[in-house]
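*Asks:* Give me a 3D structure for the following:
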Amino acid sequence: MNTKSIAMILGLAAASAAAQAAPTFMSPEWAAQACKAWNQDGELTKGLGDDWIENDAGRGYKVIQIYRSDCPDSKKIELTIKKDGDKAVCSYGGAVAHNELNSDVDYLMYASDEDWDCMGKGEWGCGPMGAMATGKLKFEGPKVEAMSVMGPFEGFLLLTGKVEADRKACP
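*Replies:* Presented below is the predicted three-dimensional model:
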């Protein structure tokens with residue numbers, strides 16, 4: 001095999017590895033993967049399929065926007081959640097599609113990279129109650145509603161650790 005052939009093979013291997021690389025944590029590409037993961041999590045889809053998803057201001061959806069506070073120049077990402085029968089399903093994950101949130105039904109959440117990592121791993125003190133009580137998770141939206149769905153909400157926090165991501169760079 002000559003040098004040119006080896007270089008071509010190495011170039012193709014590098015391109016293939018780059019194409020398979022995990023998306024940057026909390027990038028629009030990561031949000032699309034998080035949306036798919038949401039729909040595969042029965043705790044989220046069924047656990048939020050009752051009163052939580054019904055509280056949608058008559059729009060037929062709820063919005064969750066999230067971001068990393070360690071990445072100040074990065075834009076928020078969004079998950080749009082809709083009722084589908086008795087389930088709360090993610091219909092969209094990506095860049096922000098709803099510029100205005102309704103604080104009675106929608107959520108904005110942000111945390112440092114260290115705290116997202118802790119919540120995603122489900123470490124002690126990083127569950128939903130602990131994260132909100134200690135200020136690890138900054139939160140805007142219907143707090144009483146969120147408190148009523150702590151089990152599924154914990155599933156959402158764990159989702160941030162289950163979806164493969166490159167956490168070294170900001171989106």
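*Asks:* in this structure, which spans are strands?
*Replies:* Counting by DSSP state E, the chain has strands at residues 61-68, 77-84, 87-95, 107-111, 138-140.
*Asks:* Would you mark the buried spots in the shortest one?
*Replies:* Under the neighbour-count criterion of 16 or more other C-beta atoms under 10 Å, strand 138-140 has Phe139 buried. Bear in mind the C-beta positions are built from the backbone N, C-alpha and C, glycine included.
*Asks:* Distance from the chain centre to it, please.
*Replies:* 14 Å (C-alpha atoms, centre = their mean, to the nearest Å).
*Asks:* Can you spell out which helices and strands pack onto that strand?
*Replies:* Packing contacts for strand 138-140, counted by 3 or more C-beta pairs under 8 Å, 6 or more residues apart in numbering; DSSP states H and E, involve strand 107-111.
*Asks:* just to revisit the earlier point, could the strands of the chain be laid out in a markdown table, adding mean pLDDT and distance to Trp38?
*Replies:* Output for the strands of the chain, formatted as a markdown table (pLDDT from 0 to 100; distance: least, C-beta to C-beta, whole Å):
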| stretch | mean pLDDT | distance to Trp38 |
| --- | --- | --- |
| strand 61-68 | 98 | 9 |
| strand 77-84 | 98 | 7 |
| strand 87-95 | 98 | 4 |
| strand 107-111 | 96 | 13 |
| strand 138-140 | 93 | 18 |
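*Asks:* mind putting those in JSON lines, distance to Ala169 included?
*Replies:* Formatted as JSON lines, the strands of the chain follow (distance: least, C-beta to C-beta, whole Å):
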{"stretch": "strand 61-68", "distance to Ala169": "11"}
{"stretch": "strand 77-84", "distance to Ala169": "15"}
{"stretch": "strand 87-95", "distance to Ala169": "17"}
{"stretch": "strand 107-111", "distance to Ala169": "17"}
{"stretch": "strand 138-140", "distance to Ala169": "22"}
